[in-house]
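1. structure for the following, please:
(one chain, ligands or ions: 2)
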Amino acid sequence: MFSARNDDQVKIAPSILSADFGRLGSQVQEAEQAGADWIHVDVMDGHFVPNITIGPLVVKALGPVTSLPLDVHLMIESPERYIEAFGQAGADNITVHVETCPHLHRTLQLIRETGSGVGVTLNPATPLSMVGPVLDQVDLVLIMSVNPGFGGQKLIPQALAKVRSLRTMIEGMDHPPVIEIDGGINRTTIRDVVAAGADVLVMGSAIFGADEGIGPALESLRGLAAKNRSA
Ligand code: DX5
Ligand code: ZN
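-> Numbering: from 1, shown residues only. Ligands and ions are numbered 1, 2, ... in the order given. Prediction:
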């Protein structure tokens, strides 16, 4: 499921946060047919972030709907309490915020034990050095390019510098983590995001909220991403 930067094109992970939840299954299938690589699932608890979204039941329900990896982003306090449930529900990756994990190393171990891919993420104001000690323990690092909680926000440009720094930090590692970026990626910002060195782009409103429809939006964003991959 994971792949390093040079082996293929950038991956696109549509975030179902911006999907029509009344037609979630068909919207995910439309994204899959249009060539999505992962399905990004935003889990919010109304405590760590102001919004409330979905739990393991929805992840489980998506299993039979799509063959794509389910990329679960936990924006919840005490995520260790729910890791097993998300793993059993079929999460292919589970990503936790450093801000929610006083015992980060242990929490990442817990994810590893479920058999899911191990991800760590950090808010825009959290320094990249917070993930330094666990880089060899994770399969992906997610750089938040908005403050988590809602779709449709504007990309915070400092996140691009973080992507570049992370790219340098992981250079030379035997098994470098994949660099994912989440928030405010659209037709205008996608070039810079790809040029900064991201491997996986999470996009919600630019795909599920696009006037032209999910498939055409995804295909045209992929075209824009490809043009900048080698930048
Ligand atoms: C924000 C979520 C994102 C969100 C991105 O808290 O983590 O995954 O869906 O939405 P856009 O692409 O609209 O910024
Ligand atoms: Zn997310």
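2. so who does the residue in the chain positioned nearest to ligand 2 touch?
-> Nearest to ligand 2 in the chain, going by Cβ to the ion, is His73, at a distance of 3.8 Å. C-betas here are computed from N, CA, C, even on glycine. Neighbouring residues of His73 by Cβ atoms under 8 Å, 6 or more residues apart in numbering: His40, Val41, Asp42, Val43, Thr95, Gly119, Thr121, Leu142, Asp182, Val202.
3. make it 10 Å
-> 13, 15, 17, 40-44, 91, 93-97, 119, 121, 142, 144, 148, 180, 182, 202 (Cβ atoms under 10 Å, 6 or more residues apart in numbering).
4. same question, Met144
-> Shown in contact with Met144 (Cβ under 10 Å, 6+ apart): 73, 75, 97, 121-126, 156, 159, 162, 180-184, 202.
5. based on its surroundings, how many neighbours for Gly213?
-> Neighbour count of Gly213, defined by other Cβ atoms under 10 Å: 12.
6. surely it is in contact with Asp20?
-> No: using Cβ atoms under 10 Å, Gly213 makes no contact with Asp20, being 11.9 Å away.
7. which pLDDT value goes with Val10?
-> With respect to pLDDT, Val10 scores 96.
8. please report the distance of it from Val120.
-> 20 Å (Cβ to Cβ, to the nearest Å).
9. check Arg164 too.
-> Distance of Arg164 to Val120, given as Cβ to Cβ: 18 Å.
10. repeat for Leu140
-> 8 Å.
11. who has more neighbours, those two?
-> Just comparing Leu140 and Val120: by other Cβ under 10 Å the higher neighbour count belongs to Val120, 24 against 20.
12. give the helix, strand or coil label for that one.
-> Three-state assignment for Val120 (DSSP: H, G, I helix; E, B strand; the rest coil): strand.
13. which positions in the protein make contact with ligand 1?
-> For the chain, the contact set with ligand 1 under Cβ under 6 Å from any ligand atom comprises 15, 17-18, 40, 42, 73, 146, 148-149, 151-153, 182-185, 202-206.
14. again, 8 Å this time
-> Contact residues, the chain versus ligand 1 (Cβ under 8 Å from any ligand atom): 15-18, 40, 42, 44, 49, 51, 73, 75, 144-153, 155, 182-186, 202-207, 209.
15. give me the buried subset of the residues you listed.
-> Buried subset of these (neighbour count, 16 or more other Cβ atoms under 10 Å): 15-18, 40, 42, 44, 49, 73, 75, 144-146, 148-151, 155, 182-186, 202-207, 209.
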